[in-house]
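[1] sequence and computational prediction follow.
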Amino acid sequence: MNLPSLASALSILVLFAHPSLPAQDPAWQKIDADLRTIFDNWGIPGASVAVVKDDRIVWAESYGVREVGEQDRVDVETVFAIGSITKSFTAACMMLLVEEGVLDLDRPVTEYKQDLRFVNARLDDSLTTRDLLSHRSGVNANNLVFWGNGWSRDQVLEKVPFLAAVNQPGKQFLYNNIMFLAAGEVIPQVSEHSWDEFLRERILQPLGMERSSPGLVGLDRLENVASAHFRVDGSWQAVEAVDLHNCGPGGSMYSTAQDMTQFMRMMLNEGDLDGVQILDEVFVAEMFEPQIAIPAAGGYGSIMPFSQNRAYGLGWFLHDYYGLRIVEHSGQTDSMHAAMILIPDLELGVVVLSNALNIGLPHAMAYRVVDAFLDRDPEPASKAFRKLWQSMESTMSMNSFQAPSGSWAIDRETLPRYPGSFSSNLYGELTLILREGRLEIDLLGRRGVLHSSGPGAFSVDWRGDLFLSISAPQLRFNPGVSPQVDQIVMPGVGRFNRKN
């Protein structure tokens, strides 16, 4: 079936669609076959897809298994991490507070959260909640400060004064999870609820999203939950999910494809779901308005040149796709990946959830559906995302640690120079321990082993911790003037000075 006739068929089928029936229709069978090919090409364990059109669920399908090596199949009720798609929910929560008149997005955020401080007084007095919700704060990001380290939200926010400001507010798009955390932590200051409680009571429950959660807490009471995966030595392995509660408003949510259709319907229908106005249409429209331009170079610009006018709204990425405005967000943890795409002019929404660390699969599957409704050849988008995955696959996987070839032996007489406690304003304490003739490291609650790779230089075996293996694979020592090593330098991370 050629593309024009496929799109025409889809427009007819939408009138009669039922979520359990479309697989019988030739138009959807073609899409299903293409999505299955995309899924097979990526080779991940499982994924779930749902489509809404004209305020109804018109199609849903799932692929693969909940956990590699097991038989339980993914379905539309399977729970996945949705990562930074959480930001769209947080922004909706904030707009509810604006609607109630208790929050002004354009007032300094420190007026609401008075213990929040930035790197200088100028930012303390000028950064607004709008700046934080649109990634235009000018403050550098640092995921290592919160990623799976067990700190509380307050402890993470205590590190904000040590995050450098690299531009003035409103001048540059700088994606920053911690700034979204700071915005979300305004909620307890202006309401009687934590972010988690507010999200559940004002968004999830009214939308009937009964299998969705602000975070990992409570998931153990649910069945049909997807396991997290990442690739080790070329094979997918199930791993323990990282708890992102300490950055909750920026990316800790879990949901299902079925539940996500409720949120998409509400956003596409100007805040209304089945006759109940959840959020005023004025504030939905404001979320979809550009707040900061995103440079053409990098991101979509490098892989989808047909994507134009890129910007970020309030909790949403925005761009033009063959003349139609796309409103979307993706979400990635270190072991799952998701994408949600809305086209308000077509009243069309697509969500794809997957249970493995990958780049491109959710977008490739989602845009396959979008292209069908646009009468577009799906190959350019599909090939672009496949190329992106192939270029980044090595950074999204891990091989078992191999000690550096030709490793330098550490003179046992010098070993006592290294152990001790070191500290950084941003990361807290780093400890080196000499145990059974080898140096072990403890940073942010994670432990590793050092392997000498040259004079004063070491590679770190983080014992399977993917995030630190990518973020902090090496370190070196600055000897200083004392008999002991005075400073540790971790390239791309920072410096740690000896405490004792």
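    Noted; the coordinates are in hand.

[2] residue ranges in the stretch 251-400 of the chain under the pLDDT threshold?
    Scanning the stretch 251-400 of the chain for pLDDT under 70 picks out 298-305, 393-400.

[3] quick one: the helices in it?
    Taking DSSP state H, counting those that start in this stretch as the test, the helices found in the stretch 251-400 of the chain are 257-268, 281-287, 300-303, 361-373, 379-392.

[4] remind me what the second one packs against, helices and strands.
    Using 3 or more CB pairs under 8 Å, 6 or more residues apart in numbering; DSSP states H and E as the contact definition, the elements that helix 281-287 packs against are helix 86-100. Every C-beta, even on glycine, is put in place using the N, C-alpha and C of the backbone.

[5] now find how far off-centre the helix it packs on is within its chain.
    How far helix 86-100 lies from its chain's middle: 18 Å, per CA atoms, centre = their mean, to the nearest Å.

[6] and the next helix or strand past it?
    Using DSSP states H and E, the helix or strand that follows helix 86-100 in sequence is helix 121-126.

[7] now what about that next one, what contacts it?
    The contact list for helix 121-126 (CB atoms under 8 Å, 6 or more residues apart in numbering) reads 108, 110, 117, 118, 137, 138, 139, 165, 169.

[8] I'd like the average pLDDT over that helix.
    The average pLDDT within helix 121-126 is 96.

[9] return the residues in contact with residue 167.
    Contact analysis of residue 167 by CB under 8 Å, 6+ apart lists 138, 174.

[10] let's see that with 10 Å instead.
    Counting by CB atoms under 10 Å, 6 or more residues apart in numbering, residue 167 touches 136, 137, 138, 139, 140, 173, 174.

[11] would TSV of those with secondary structure be doable?
    Shown next, in TSV, are these (DSSP: H, G, I helix; E, B strand; the rest coil):
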residue	secondary structure
136	coil
137	coil
138	coil
139	strand
140	coil
173	coil
174	coil
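
[12] thought residue 264 was touching residue 342?
    Yes: contact criterion CB atoms under 10 Å: residue 264 and residue 342 qualify, at 6.2 Å.

[13] any shared contact partners between those two?
    Residues touching both residue 264 and residue 342 (CB under 10 Å, 6+ apart) are 52, 88, 348, 349, 350, 351.

[14] find the pair from these with maximum spatial separation.
    The two members of the shared contacts of residue 264 and residue 342 with the most space between them (CB to CB) are 88 and 348, at 16.4 Å.

[15] the more surrounded of these two?
    Between residue 88 and residue 348, counted using other CB atoms under 10 Å, residue 88 has the larger neighbour count: 25 against 22.

[16] separation between the more buried one and residue 144?
    Distance from residue 88 to residue 144, counting by CB to CB, to the nearest Å: 24 Å.

[17] do residue 439 as well
    Distance from residue 439 to residue 144, counting by CB to CB: 21 Å.

[18] what's the helix or strand for the closest residue to residue 69 other than its chain neighbours?
    Spatial nearest neighbour of residue 69, excluding adjacent residues (CB to CB, 6 or more residues apart in numbering): residue 238 at 7.6 Å. Element membership for residue 238, per DSSP H and E: strand 235-239.

[19] would you mind writing the CA trace of that strand as PDB?
    Taking Å, rounded to 0.1, in the frame of the first residue of the first chain, the C-alpha atoms of strand 235-239 are listed here in PDB:
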ATOM      1  CA  SER A 235      24.700  -8.600  25.400                       C
ATOM      2  CA  TRP A 236      21.800  -7.100  27.200                       C
ATOM      3  CA  GLN A 237      21.800  -7.700  30.900                       C
ATOM      4  CA  ALA A 238      19.000  -6.900  33.400                       C
ATOM      5  CA  VAL A 239      20.300  -4.500  36.100                       C
END
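
[20] contacts for it?
    The contact list for strand 235-239 (CB under 10 Å, 6+ apart) reads 43-45, 66-70, 226-232, 334-335, 355-358, 397-398, 464-466.

[21] could you pull up the mean pLDDT of that strand?
    Strand 235-239 carries an average pLDDT of 90.

[22] now swap in stretch 198-218 and tell me
    Across stretch 198-218, pLDDT averages out at 96.

[23] buried residues in it?
    Across stretch 198-218, burial judged by 16 or more other CB atoms under 10 Å covers 198-200, 202-204, 206-207, 209, 211-216.

[24] end to end on it, go ahead and measure it.
    Taking CA to CA, to the nearest Å, stretch 198-218 runs 16 Å from one end to the other.

[25] ok now that stretch, how far from the chain's centre?
    Chain-centre distance of stretch 198-218: 18 Å, with CA atoms, centre = their mean.

[26] next: stretch 88-102.
    So, by CA atoms, centre = their mean, the centroid of stretch 88-102 is 21 Å from its chain's centroid.

[27] now it: average pLDDT?
    Here stretch 88-102 scores 98 as its mean pLDDT.
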